[in-house]
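> Generate a structure from the sequence data that follows.
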Amino acid sequence: MKRLYWLPLSLSVMWQAHAAQSHTIKQQFSTTSSQALEIAFPIGKLNIETYQGDSVQVNIELVEKEQSWLGKTDLSTIKLEQRQHRNEIYLTIDEDTVEQIWHVKVPVSLVLEAEVGVGNVSINALENSAEIEVGVGNVKIQSALKDYQRVDLESGVGKTKLKNFSGQSNHEKSMVGSTTQYRGHGKYQLEVDVGVGNIKVIH
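Numbering: from 1, shown residues only. Prediction:
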């Protein structure tokens, strides 16, 4: 009987020891209407939501990658790096041993720039110019604007889609990739470049 109880208990202890650890970083930054926000990180997910406010609110969950199950990375020592140059706020965690899940609330007045190595980007209620670059992953943008001055979408391997805009658009497919170009009468510009993955922009 003891042996029957010992086996599942041992497995339970091993699972707890090997379970992925996580750590959350929360910060807030005051902004002005003339600034741009740039976010960059190697691996993870980026979720951006715009709102009528004057500060950038950042919530980042750090999760150990599967190959880091031995727990060699002390997540509590990882910090969000913030730099300000002229009118740009730059946020990054240049750490590829963990997966990063970013949830960011951004004032509608800020121009957005994002660079993600591997992962997905989602932007809700975009009301400004944006430039997004992803190595491998998908980009989905829900635009609050019904027109842009210019939209350029390019996927090396994947699909591009632009929906519910009334200006002139040109869509081209290659053997594995896709590009979409749009010209309208709006004020802002949108550029999305993905190496491998799909791009979808909808009003």
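
> Would you agree Glu88 is in contact with Ser34?
No: using Cβ atoms under 8 Å, Glu88 is not in contact with Ser34, being 10.2 Å away. C-beta: built from backbone N, CA, C; applies to glycine.

> the more surrounded of the two?
Glu88 (14 against 10; other Cβ atoms under 10 Å).

> Look up how far Met175 lies from the more buried one.
Using Cβ to Cβ, to the nearest Å, we find Glu88 at a distance of 38 Å from Met175.

> Also Ile39?
From Ile39 to Met175 the distance is 32 Å (Cβ to Cβ).

> Also Ala40?
Distance of Ala40 to Met175, given as Cβ to Cβ: 31 Å.

> So if I had to pick from the two, which one is more boxed in?
Ala40 (17 against 5).

> any idea what that one is structurally, helix, strand or coil?
Recorded secondary structure, Ala40: strand (DSSP: H, G, I helix; E, B strand; the rest coil).

> That one reaches Ile89, doesn't it?
No: taking contacts as Cβ under 8 Å, Ala40 lies outside contact range of Ile89: 11.8 Å.

> can you pull out the helices in this protein?
Assigned by DSSP state H, the helices in the chain fall at 2-18.

> Let me see the domain layout of this structure.
Annotated domains of the chain cover 20-119, 129-203 [automatic domain parsing].

> Present these as TSV; the columns should include mean pLDDT.
Shown next, in TSV, are the domains of the chain (pLDDT from 0 to 100):
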stretch	mean pLDDT
domain 20-119	89
domain 129-203	95
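
> Since that was my last question, I'll sign off now.
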